[in-house]
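Enquirer: test case, fold it:
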Amino acid sequence: MGNAVVVAVVVGAAIAFQVFLVGRVSKDVHPLAISTTLQLSGVLVGMLWTTVRGAGAAVFRLTIAWWWLPLGALGWGIVAALGFAAARLGAGTTLAIVVGTQLIAGLVLDRAAGQSVIGIRQPVGIVLLIGGAVLVSSRGG
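Expert: Okay, here's the model as predicted:
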């Protein structure tokens with residue numbers, strides 16, 4: 001569990017950095033162009049990694065599955081939307097809204113899949129997170 005927490009923290013910091021940069025660049029370049037460039041970079045790095053790791057066959061098996069196309073399109077749109085929002089709201093406010101929304105959607109999906117039970121703690125956590133998002137997003141000092 002310890003390594004997973006470290007990975008989650010690193011990913012969180014990386015996403016914040018990416019949203020910040022994409023938001024900055026989105027002031028001068030259309031967010032969809034930025035997202036396309038990032039996707040192409042991801043494909044190149046992914047191809048290199050899978051080639052080195054000998055995972056090409058697994059990539060091919062997954063690529064022919066129909067559901068990868070809408071997920072890839074969704075990922076492309078998410079990066080563009082994050083850039084659009086961050087250019088207007090700032091990275092902190094954008095991420096506060098996104099993380100709160102992700103938590104709510106994640107809890108609903110986990111519940112629908114039978115992976116969690118929703119008790120009193122989850123709604124209280126959501127209220128606290130939304131309160132924190134409001135505080136982080138406020139323009140006052």
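Enquirer: walk me through the domains of this protein.
Expert: For the chain, automatic domain parsing gives the domain ranges 1-89, 90-141.
Enquirer: can you list these in JSON lines and add mean neighbour count and mean pLDDT?
Expert: The way it works is simple: take the backbone N, C-alpha and C, and place the C-beta from them, glycine included. Shown next, in JSON lines, are the domains of the chain (neighbours: other Cβ atoms under 10 Å; pLDDT from 0 to 100):
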{"stretch": "domain 1-89", "mean neighbour count": "13", "mean pLDDT": "90"}
{"stretch": "domain 90-141", "mean neighbour count": "13", "mean pLDDT": "86"}
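Enquirer: what helix or strand is Ser116 located in?
Expert: Per DSSP states H and E, Ser116 falls between elements, in no helix or strand.
Enquirer: next up, phi/psi of it, please.
Expert: In terms of degrees, to the nearest 10, the main-chain angles of Ser116 are phi -150, psi 160.
Enquirer: can you pull the contacts of it?
Expert: Residues near Ser116 by Cβ atoms under 8 Å, 6 or more residues apart in numbering: Leu107, Asp110, Gln122.
Enquirer: which one of those is nearest Ala81?
Expert: Nearest to Ala81 among the contacts of Ser116 is Leu107, at 21.7 Å by Cβ to Cβ.
Enquirer: and the helix or strand containing that closest one, C-alpha only, in PDB?
Expert: Assessed by DSSP H and E, Leu107 sits inside helix 91-112. The C-alpha coordinates for helix 91-112 follow below in PDB (Å, rounded to 0.1, in the frame of the first residue of the first chain):
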ATOM      1  CA  ALA A  91      -4.800  25.400 -12.000                       C
ATOM      2  CA  GLY A  92      -5.700  25.300  -8.300                       C
ATOM      3  CA  THR A  93      -9.400  26.200  -8.800                       C
ATOM      4  CA  THR A  94      -9.700  23.900 -11.800                       C
ATOM      5  CA  LEU A  95      -8.200  21.000  -9.900                       C
ATOM      6  CA  ALA A  96     -10.300  21.600  -6.800                       C
ATOM      7  CA  ILE A  97     -13.500  21.400  -8.900                       C
ATOM      8  CA  VAL A  98     -12.200  18.300 -10.800                       C
ATOM      9  CA  VAL A  99     -11.000  16.400  -7.800                       C
ATOM     10  CA  GLY A 100     -14.300  17.000  -6.000                       C
ATOM     11  CA  THR A 101     -16.200  15.800  -9.000                       C
ATOM     12  CA  GLN A 102     -14.000  12.800  -9.400                       C
ATOM     13  CA  LEU A 103     -14.500  11.800  -5.800                       C
ATOM     14  CA  ILE A 104     -18.300  12.000  -6.100                       C
ATOM     15  CA  ALA A 105     -18.300  10.100  -9.400                       C
ATOM     16  CA  GLY A 106     -15.800   7.500  -8.100                       C
ATOM     17  CA  LEU A 107     -17.900   6.800  -5.000                       C
ATOM     18  CA  VAL A 108     -21.100   6.400  -7.200                       C
ATOM     19  CA  LEU A 109     -19.300   4.100  -9.600                       C
ATOM     20  CA  ASP A 110     -17.700   2.000  -6.800                       C
ATOM     21  CA  ARG A 111     -21.200   1.700  -5.100                       C
ATOM     22  CA  ALA A 112     -22.800   0.800  -8.400                       C
END
